[in-house]
Structure formats: C-alpha cells, structure tokens
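Asker: turn this into a model:
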Amino acid sequence: MAIRNSVSATFVDPVEGVAVAATSGSGFPLRFDTASAEEGGTGASPTETILGALAACTAMDVASILRKKRQAFRSYRIEVTGDRAEEHPRVFTSITVEHQLAGAITPEAVRRSIELSATSYCPVSAMLSASVRIEHRYRIQRDGESQEEAAVVVVTGPDADRAAGRAATG
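Answerer: Below is the predicted model:
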C-alpha cells in the first residue's frame, strides 16, 4: 500500500502579494513567498524549499548512517545550489549537494553514506534525479589534520556519468 503525504495551502491575501500559508499533514506550518526577506517576503520560494527538502532529506540519511558506522562528526552542514532554466517553467537544470563535515570521520564512511542516500534512501533525491542532474560531493576537515579533503561521490539524474571518487574541482 502506498504511503500518503498531504499539505493544505491557503493563499494569504487574494488582493495583493503571492504569499501562501500551508500546513503539512503532520501538523507543521509552512510559509511560501516569491519576495525575498529584504523585499518584505514572508517565506521561502517554492523552488528554495525544494532545495531545502533535498538538503534535509539527504542530511537525515547521512547522519543516521554515519552514526551507525560510529563516525563522530562534530559539525555537519549541507549546501545545496541549483541552476534553473531561463525560460518558463524555469525548472532546475542542475543541482549540487555539498556535505561539509568535521570530526573524527573517515572519507570512506562519508563517501558511502552519501552514496547510499543519493542512490537508495532519499526520496527527494530520487524524484529530482528523474529529471535533473545532481552532483553529490563532500568536504571533510578531519580531527588532527590541517588539510581539508574534498571529492565528488556520485552524480545522479539524466545522462549522469555516476562517476564516484573523482577529486573535487574548484
């Protein structure tokens, strides 16, 4: 049987603006807007929330897997950037997910955790990979070492080369 999720959304002001207030099926409030915070917006844009959902989904997977592998990370940040088409509907054309970790961790454990999330566990990554190229990479600062390590783990999506273990560029 399928797992069903739901969201109920209401247009905030039918006269002006485009803000939308929503409530998730699990009872949490969500707020969407197209204006930035500097422009008086009251929420993230729908496309920003897609990137946020990808960051959250893969972070939850990777942290859980690393804990099972007894990897002691002291900090973990995920930066997700996406490029969008210039023409409507302005879909994402490429996305980069960079996992930034520090602690007593091994590159192999981080690599495998990211790979499992990107290719097996994260439903947001799976849905997006059906139509957009996603590069999953990491940057690690291991305890006791001065040099940071970085690598591309896997590329998913249409025409992805699924290259693993390539040194990160830039």
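Asker: what does Val62 show for phi and psi?
Answerer: Here is the backbone geometry of Val62 (degrees, to the nearest 10): phi -60, psi -40.
Asker: so it sits against Ser113, correct?
Answerer: Yes - between Val62 and Ser113 a contact is recorded at 4.6 Å, counting by C-beta atoms under 8 Å. Where C-beta positions appear, they are placed from N, C-alpha and C, glycine not excepted.
Asker: ok, the two, which is more surrounded?
Answerer: Shown here are Val62 and Ser113; by other C-beta atoms under 10 Å, Val62 has more neighbours (30 against 27).
Asker: how about the helices in the chain?
Answerer: In the chain, the helices defined using DSSP state H lie at 46-68, 107-116, 123-129.
Asker: reformat these as JSON lines; add distance to Asp13 and mean pLDDT.
Answerer: Below are these laid out as JSON lines (distance: least, C-beta to C-beta, whole Å; pLDDT from 0 to 100):
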{"stretch": "helix 46-68", "distance to Asp13": "17", "mean pLDDT": "98"}
{"stretch": "helix 107-116", "distance to Asp13": "42", "mean pLDDT": "98"}
{"stretch": "helix 123-129", "distance to Asp13": "30", "mean pLDDT": "98"}
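Asker: of all those, which one is nearest Ala150?
Answerer: Taking C-beta to C-beta, helix 107-116 is the member of those nearest to Ala150, at 9.5 Å.
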